[in-house]
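**Student:** Predicted model, plus sequence, below.
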Amino acid sequence: MIRTRALVKRYGAVTAVDGVDLDVAEGQRYGLLGPNGSGKTTLLRLVLGLVYATAGEIELMGQPVPRRLGRVLPRVGAMVEGPAAYGHLSGRANLRLLDASGAGGPWRTRRARVEAALERVGLAGVDARSVRSYSLGMRQRLGLAAALLRSPDLLVLDEPTNGLDPQGIREIRDLLADLNAAGTTVFLSSHLLAEVEQLCTHVGVVDRGRLVVHTALDELRTPTGRVLVVTPDADRVAALLDGRVESRTGDRLMVRHTDAAELNTRLVTEGLRVAEIAAERRTLEDVVLEVTSAGSDRVDRP
Amino acid sequence: MIVLVELLKLARRPRTWVSVGLLCGLPTLVAVFLAVTQLGPGPGEDPAFLSAVLANGALFPAAALAIVLPIFLPVAVAVVGGDAIAGEASGGTLRYLLLRPVGRTRLLVAKLVAVVVYVVVAVLAVAATAFVVGVSLFPAEPSAVTTVSGVTLSSTELSTRMMGAMGYVAISMLGVGAIALFLSTVSESSLGAALGALAAFITSQVLVTLDAAGGVRPYLPTRYWLAWIDFFRDPILWRDIERGAAVQVVYVVVFLAMAWANFNSKDVTS
């Protein structure tokens, strides 16, 4: 679906994207993570042909970008750097104008397309109020509706849940999962780890313009070889597993062990009570913090 | 299709109709003062035709064009042209148009068409209101209009010539519109682009009156702006009208090409 090779984008002396090889396959839900200013949005803009690469190649659905953009963009729905609409018009009027401005289908079915898109994002009942009076969340939903207008094969979304409340975030997550199940590839960027962790199948981490991690989410979250045990008999457990306990805080013990089930059996056979036991897995947060530096919005004294 | 969408956007913007209303309002205000005081400027003084209006209200559309042409109309055109791309960029809607996708060249052409339509609508509105105001406030003899050359015109001939003058005034605005459109692809601020186009327009106006700038005068966008008056001579004096139209066409071609080159190679980061 999306493929870049040695992609570089410089703005003057600033290198925003630096040698990125990105691969997003059909049917994936791909999350691009990174601190603010790490080049996520620039990467999205490059893929969509809004900005031109300094060096490197981009392919979108097998077509070179930006040369054949006109051919592939009709199959792409996108929201980049927040939604935008004409403030003096209603949400419906905005969608109709947008639908009419490109090859989106015959005008006879325009109303149906617009209503279907509004329905999907939960704005079906929206009235003739102008967009100027919309809340941030409503604007975000309208932006998503615009991206869904022509039932795209690929959705490219920049921070899709920005400005939504927890309820709305959940709704959008479900919507994206549904669309993905129906065959739409989803490529999104976010700085919210939880969002990517809950929604995506694949993840890429960008740091200072470089793609430093590029993997399936399952692979990333491998067990660390340690087991967390919570027990009221912490002292006796520590004595029993002497030397294998790496750390202890109150009744929580971190034990070096590869099999939680086996450890559990052993403790219980010894007559020790176990309140909680689980293999420790690397969280996405661990991985991201490991490989990225502070965001570019933090400016330290040299 | 994008052309229709651009026209629709223009029509649904309150600003469009406010500016057209203001353009119609200024000549109306002048007419009211004139009708109340009966104090016209002397023959041959600016604005053209105003002295004749006291005697014949049917000439007021021509006087109205003379009133809006020097400043009001170019300012309005610069604002609309300057907003064309920069307005979409600063509002963030430009990226969604391009992602729709609307080709950058097509978008530019659609914007130019919208500017031209705006000019035509504005000129028609000014002439129409001026006709109504003219015949209702002044003695009207549409059948007996005397030209600048002293020959009497029939009413059909007058309306044909009036159409010609209106068309020429509209064409005269194309240069300013094209400059504004070009600057609109350079700047992300509509205001900056509009002011830039106005600066070019004022520069041209200053140089037109400067004898030392005689060498460049024939190429200035405003050099032949007053040639529309030649439609009311007998016979019509085509020389300046043709030159004026040619100059405008050159400005449109050059600045549209520059706008195209700039816009097509531009990173859209708004």
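**Tutor:** Looks like it arrived, so ask away. Residues are numbered from 1 along each chain as shown, chains lettered A, B, ... in the order given.

**Student:** any idea which element B:Leu29 lies in?
**Tutor:** Assigned by DSSP states H and E, B:Leu29 belongs to helix B:14-37.

**Student:** how distant is that helix from the center of its chain?
**Tutor:** 16 Å (CA atoms, centre = their mean, to the nearest Å).

**Student:** I would like the residues contacting it, please.
**Tutor:** For helix B:14-37, the external contacting residues (CB atoms under 8 Å, 6 or more residues apart in numbering or on different chains) are A:88, B:10, B:40, B:50, B:53-54, B:60, B:63-64, B:67-68, B:72-73, B:76, B:79-80, B:118, B:121-122, B:125-126, B:129-130, B:133-134, B:137-138. Quick note: C-beta positions are derived from backbone N, CA and C, even for glycine.

**Student:** In stretch A:282-297, which residues are buried?
**Tutor:** A:Leu284, A:Val287, A:Val288, A:Thr292 (16 or more other CB atoms under 10 Å in any protein chain shown).

**Student:** Tell me which residues touch the third one, please.
**Tutor:** Spelled out, that is A:Val288. A:Val288 makes contact with A:Leu33, A:Leu193, A:Val205, A:Val213, according to CB under 8 Å, 6+ apart.

**Student:** and of those, the nearest to chain B?
**Tutor:** Set against chain B, the nearest of these by CB to the nearest CB is A:Leu33 (21.6 Å).

**Student:** The closest one: neighbour count?
**Tutor:** By the criterion of other CB atoms under 10 Å in any protein chain shown, A:Leu33 has 28 neighbours.

**Student:** try the one 5 residues further on
**Tutor:** By the other CB under 10 Å criterion, the neighbourhood of A:Ser38 contains 26 residues.

**Student:** Could you give me the PyMOL selection string for whichever of the contacts of helix B:14-37 are buried?
**Tutor:** The command below creates a PyMOL selection of those among the contacts of helix B:14-37 that count as buried (16+ other CB under 10 Å):
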select buried, chain B and resi 10+50+53+54+60+63+64+67+68+72+73+76+79+80+118+121+122+126+129+130+133+134+137+138
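
**Student:** which ones among the contacts of helix B:14-37 are found in helices?
**Tutor:** B:10, B:50, B:53, B:60, B:63-64, B:67-68, B:72-73, B:76, B:79-80, B:118, B:121-122, B:125-126, B:129-130, B:133-134, B:137 (DSSP state H).

**Student:** most neighbours, which of the contacts of A:Val288?
**Tutor:** Of the contacts of A:Val288, with other CB under 10 Å as the count, A:Leu33 tops at 28 neighbours.

**Student:** wouldn't A:Ala260 be in contact with A:Arg226 here?
**Tutor:** No - in this structure, A:Ala260 is not within contact of A:Arg226 by CB atoms under 8 Å, at 9.7 Å.

**Student:** Now the common contact residues for the two.
**Tutor:** A:Ala279.

**Student:** how near is B:Ala84 to B:Ala193?
**Tutor:** B:Ala84 sits 8 Å away from B:Ala193, taking CB to CB, to the nearest Å as the criterion.

**Student:** Nearest to chain B: which residue in the stretch 151-300 of chain A?
**Tutor:** Using CB to the nearest CB, A:Val156 is the residue of the stretch 151-300 of chain A that sits closest to chain B, at 8.7 Å.

**Student:** Enumerate the residues of chain A near chain B.
**Tutor:** A:11, A:45, A:48-52, A:69-70, A:73-74, A:76, A:78, A:80-89, A:93, A:97-98, A:100-104, A:146 (CB under 8 Å from any CB of the partner chain).

**Student:** and B:Val109, what does it touch?
**Tutor:** Here B:Val109 is in contact with B:Val3 (CB under 8 Å, 6+ apart).

**Student:** Can you show me the strands along chain B?
**Tutor:** If DSSP state E is used as the criterion, the strands of chain B fall at B:145-146, B:152-153.

**Student:** Return the member of those having the minimum mean pLDDT.
**Tutor:** Per-stretch mean pLDDT for the strands of chain B is lowest at strand B:145-146 (a mean of 66).

**Student:** Sketch out the helices for the stretch 1-150 of chain A, chain order is fine.
**Tutor:** Using DSSP state H, counting those that start in this stretch, the helices of the stretch 1-150 of chain A run over A:40-47, A:69-72, A:91-101, A:110-120, A:136-148.

**Student:** Convert the C-alpha atoms of the first one to PDB, please.
**Tutor:** Included here for helix A:40-47 are C-alpha records, laid out as PDB according to Å, rounded to 0.1, in the frame of the first residue of the first chain:
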ATOM      1  CA  LYS A  40       5.400  12.100  11.500                       C
ATOM      2  CA  THR A  41       3.300  14.700   9.800                       C
ATOM      3  CA  THR A  42       6.000  15.500   7.200                       C
ATOM      4  CA  LEU A  43       6.100  11.800   6.400                       C
ATOM      5  CA  LEU A  44       2.400  11.700   5.900                       C
ATOM      6  CA  ARG A  45       2.500  14.800   3.800                       C
ATOM      7  CA  LEU A  46       5.200  13.300   1.600                       C
ATOM      8  CA  VAL A  47       3.200  10.100   1.100                       C
END
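
**Student:** ok, A:Ser90 to A:Pro83 distance?
**Tutor:** Per CB to CB, A:Ser90 is found 14 Å from A:Pro83.

**Student:** do the same with A:Asn94
**Tutor:** Shown here: A:Asn94 relative to A:Pro83, a distance of 10 Å by CB to CB.

**Student:** low-confidence ranges in the stretch 201-302 of chain A?
**Tutor:** Where the stretch 201-302 of chain A drops to pLDDT under 70, the residues are A:294-296.
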